[in-house]
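Student: Sharing a sequence plus its predicted fold:
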Amino acid sequence: MTEPTSPQPAPQSPRRPSRLRRFGRRLLYLLLILLAVHLTATAITGVMLSRELARLRARGEPLRLQDMAPKVPAGERNAADVYQQAFDSLRLSEQEKVAVDDVAASLEGWDPPTPEERLLARQAVAANSRYFALLEEASRIPACAFPVKWGGDPLAMMFPHLARLRQAARRLALHARFASDEGRPDDAARDFLVIMRIEDHIQREPTVIALLVACALQSIAMKELPRTLSSGDPSADLLRQLQAQVQVLRQADTAGHALRGERACSLAIFDLVRARKGGSIADLTDNGERPSRWRRLALASYPTLGRPLLNLDELTFLRFSAQTVAAADLPYPASMDQLKAAREELERTPLSRAYLARMISPVLERAIMTFALRDARLGLDWYAAQLKLCRYQHGRYPAALPDLPSPPAPLSLDPFSGQPYHYRLEGDGFRLWSVGENGVDDGGSDEVPKTGPGGPKKPHNLYGPLDLVVRVTR
């Protein structure tokens, strides 16, 4: 008799994971996929950026500010030390400083000073002969390097010496005015030589701000030099020295040097963001305003989640800056046409791949126009001296510029038009002019537009519409 068998338990179906676990697994898979994509994109864009930087290094392009900074060879004097002595030697009371600055500003077209201010300024200038002697001594020293932390945070760099040198140029122009008034044209011409040599020291610094200050010094000299040539006749030797200094200034790759320096500065900014030191990047926002929440989030995420976009952003900037540097070697207006094309290409680039590039790029474009203005002014200065020399040799000014003996080819054309400078005889003197950045010949008009109906006249703006004019009356 067989024993009864116990009933077998029914097979159990495997437990299905809960919905939460299924969601967690899917999320993990998605995160792993995104991480793989992120790492791949970071690697690919990093290689693209590294290749672009390597290409620039292979061409000998400087990529660090400290590699471009002015240096003083061992054993040589540093003009910056003598400039500092000049700054320290200046002795002006508050009232004298106001008078000197107001009278100096009037030379550039601002409101005329009162007779009392002019007398006080003349006395203050005469009492500071050591200041002007030290400025001349410093300008003659070949090497000049001010204490700037070129290898530090580019957004924290300070250039107090540029403001002081610009102020020195204005005071030198005032010193030249007083010399001209006293019948000492040679002393006035020496002051302009000092201004131009200071300009040469400034233009060696690898920043656009240095280029702008150098252009400001040339503008100061251009406004006062015609009056000196009208009130007296500097010696032929000093006129030739002025021409030689103009050649020194023009032969330097000023715009290209400044643009390469700004590129190196901008690359350091990208490195700051990549190193998660983006707090100071807020300084790049317009008008110094606090960045929006979106901008702060973008800067915070760039070093991590946005690393591929940061690499593409820097790559976009490098390509834009390459076009800008190349434009510096082109004649105007071809340089501006290339800049316009580069700007349009940058604007077409999605903001996600050109966020910092768009914030940094405007300063590069401004340098090109500034350099063209300076180039035109230098050409005018050279020709004004050459016309004076021609009068020394022949007793009169030529009827036309082509009649000058051996006109030099490099200075024969107006950079704004690609045509010869305009020139005409006026009484015992002449009027010489460039058409300016609008490319339109306004007939040598040096009228300054008013700010409003019946309003006071203001000095010619950097990007004003009028011709650049040199007018000599004798």
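Tutor: On my side now, so go ahead. Keep in mind it's a predicted model, so treat the numbers as computed, not measured.
Student: per-residue confidence averaged over stretch 339-352?
Tutor: For stretch 339-352, the mean per-residue pLDDT is 87.
Student: List the buried residues of it.
Tutor: 339, 342-343, 346, 349 (16 or more other C-beta atoms under 10 Å). The C-beta positions use only the backbone N, C-alpha and C, and glycine is treated the same way.
Student: what sits up against that stretch?
Tutor: 309, 316, 320, 323-324, 327, 354, 357-358, 361, 365, 368 (C-beta atoms under 8 Å, 6 or more residues apart in numbering).
Student: Nearest residue to the middle of this structure?
Tutor: Nearest residue to the geometric centre of the chain (C-alpha atoms, centre = their mean): Val208, 2.4 Å.
Student: By mean pLDDT, flag the weakest helix or strand of this protein.
Tutor: In the chain, no helix or strand scores lower on mean pLDDT, DSSP states H and E than helix 293-301, which sits at a mean of 63.
Student: Which is the succeeding secondary structure element to it?
Tutor: Downstream of helix 293-301, the first helix or strand assigned by DSSP states H and E is helix 307-328.
Student: so where do the strands sit in the stretch 351-474 of the chain?
Tutor: With DSSP state E, counting those that start in this stretch, the ranges of strands along the stretch 351-474 of the chain come out as 422-426, 429-434, 468-472.
Student: want to throw those strands into TSV with distance to Pro73, mean pLDDT and mean neighbour count?
Tutor: Putting the strands of the stretch 351-474 of the chain into TSV (distance: least, C-beta to C-beta, whole Å; pLDDT from 0 to 100; neighbours: other C-beta atoms under 10 Å) gives the following:
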stretch	distance to Pro73	mean pLDDT	mean neighbour count
strand 422-426	43	93	16
strand 429-434	38	93	23
strand 468-472	37	90	22
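Student: for those, which one sits closest to Asp101?
Tutor: strand 468-472 (25.0 Å; C-beta to C-beta).
Student: List the contacts of the closest one.
Tutor: If you take C-beta under 8 Å, 6+ apart as the criterion, strand 468-472 is touched by 222, 225-226, 229-230, 373, 376-377, 380-381, 383-384, 387-388, 426, 429-434, 436, 444-446.
Student: And the buried residues of stretch 339-352, which is closest to Val98?
Tutor: Set against Val98, the nearest of the buried residues of stretch 339-352 by C-beta to C-beta is Leu339 (40.8 Å).
Student: what about that closest one, distance to Pro362?
Tutor: Counting by C-beta to C-beta, to the nearest Å, the gap from Leu339 to Pro362 is 11 Å.
Student: Over to Arg91?
Tutor: 41 Å.
Student: where exactly do the helices run in the stretch 351-474 of the chain?
Tutor: 355-360, 362-394 (DSSP state H, counting those that start in this stretch).
Student: Can you give me the buried ones in stretch 66-85?
Tutor: 68-70, 72, 78-80, 82-84.
Student: Which residues outside that stretch are in contact with it?
Tutor: With contact meaning C-beta under 8 Å, 6+ apart, stretch 66-85 is reached by 62, 134-135, 137-139, 141-148, 150-151, 161, 164-165, 168, 201, 204-206, 257, 260-261, 264.
Student: Can you give me the neighbour number for Pro147?
Tutor: For Pro147, the count of nearby residues is 11 (other C-beta atoms under 10 Å).
Student: Distance check, the closest residue to it other than its chain neighbours against Leu339.
Tutor: Nearest residue to Pro147 in three dimensions, chain neighbours excluded: Ala80, at 7.4 Å (C-beta to C-beta, 6 or more residues apart in numbering). Distance, Ala80 to Leu339, using C-beta to C-beta: 33 Å.
Student: Break the chain down into its structural domains.
Tutor: Using automatic domain parsing, the domain ranges for the chain come out as 79-90+128-252+369-472, 258-360.
Student: Just send the ones you listed back as TSV, with distance to Arg26 too.
Tutor: Converted to TSV, the domains of the chain look like this (distance: least, C-beta to C-beta, whole Å):
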stretch	distance to Arg26
domain 79-90+128-252+369-472	44
domain 258-360	21
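Student: Quick one, which of those gets closest to Ala99.
Tutor: Nearest to Ala99 among the domains of the chain is domain 79-90+128-252+369-472; the distance by C-beta to C-beta comes to 10.4 Å.
Student: circling back to that earlier point, which strand or helix spans the residue nearest to Pro147?
Tutor: Assigned by DSSP H and E, Ala80 falls in helix 79-89.
Student: what element comes up after that helix heading to the C-terminus?
Tutor: Defined by DSSP H and E, the subsequent element after helix 79-89 is helix 94-106.
Student: What's the mean pLDDT across that next one?
Tutor: The model assigns helix 94-106 a mean pLDDT of 90.
Student: quick one: that helix to chain centroid distance?
Tutor: 27 Å (C-alpha atoms, centre = their mean, to the nearest Å).
Student: CA atoms of that helix as CSV?
Tutor: Provided in CSV are the C-alpha atoms of helix 94-106 (Å, rounded to 0.1, in the frame of the first residue of the first chain):
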residue,chain,number,x,y,z
GLU,A,94,46.1,122.2,-5.1
GLN,A,95,45.3,125.5,-6.6
GLU,A,96,48.3,125.3,-9.0
LYS,A,97,47.4,121.8,-10.0
VAL,A,98,43.8,122.9,-10.9
ALA,A,99,45.2,125.8,-12.9
VAL,A,100,47.8,123.7,-14.8
ASP,A,101,45.3,121.0,-15.6
ASP,A,102,42.7,123.5,-16.8
VAL,A,103,45.1,125.4,-19.0
ALA,A,104,46.5,122.1,-20.4
ALA,A,105,43.0,120.9,-21.1
SER,A,106,42.2,124.1,-23.0
